[in-house]
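Asks: missing the sequence, but the structure's below:
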């Protein structure tokens, strides 16, 4: 098995970094939150109502999940008049979500969907 691509030398994570990584992992360990993040990867920016409609989830539930994702730095809000629109919290978050979803494809499929065009 190869090493992951690294742009800087790997260092031993501090206890604080390990704790934060565990907290982020817990945030990602929820199907609705992963669905929100996947949608934001595709759509780039959405309101709470748009997310709720696309995921067929109640608005209050989506709002609660977005609040948790925001606290974890996984989504960023932007005020648009009287509403708030959400986007992925940066390139690292996008890569994390993409890798997680692609890894699940590798576990579930002999030829993962993201490889079928190769």
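Replies: Happy to help now that I have it. None of the values given here were measured: they were computed from a predicted structure.
Asks: Which parts of this protein are strands?
Replies: 46-47, 75-80, 83-88 (DSSP state E).
Asks: what's the closest of these to residue 25?
Replies: Counting by Cβ to Cβ, residue 25 lies closest to strand 75-80 out of the strands of the chain; the figure is 16.2 Å. For glycine as for every other residue, the C-beta is placed from the backbone atoms N, C-alpha and C.
Asks: picking that back up, now the strands of the chain in a markdown table, with mean pLDDT?
Replies: Below are these laid out as a markdown table (pLDDT from 0 to 100):
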| stretch | mean pLDDT |
| --- | --- |
| strand 46-47 | 97 |
| strand 75-80 | 96 |
| strand 83-88 | 96 |
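Asks: And for residue 55, the neighbour number?
Replies: 18 (other Cβ atoms under 10 Å).
Asks: Just send the strands of the chain back as TSV, with distance to residue 103 and mean neighbour count too.
Replies: Formatted as TSV, those follow (distance: least, Cβ to Cβ, whole Å; neighbours: other Cβ atoms under 10 Å):
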stretch	distance to residue 103	mean neighbour count
strand 46-47	25	18
strand 75-80	21	13
strand 83-88	18	18
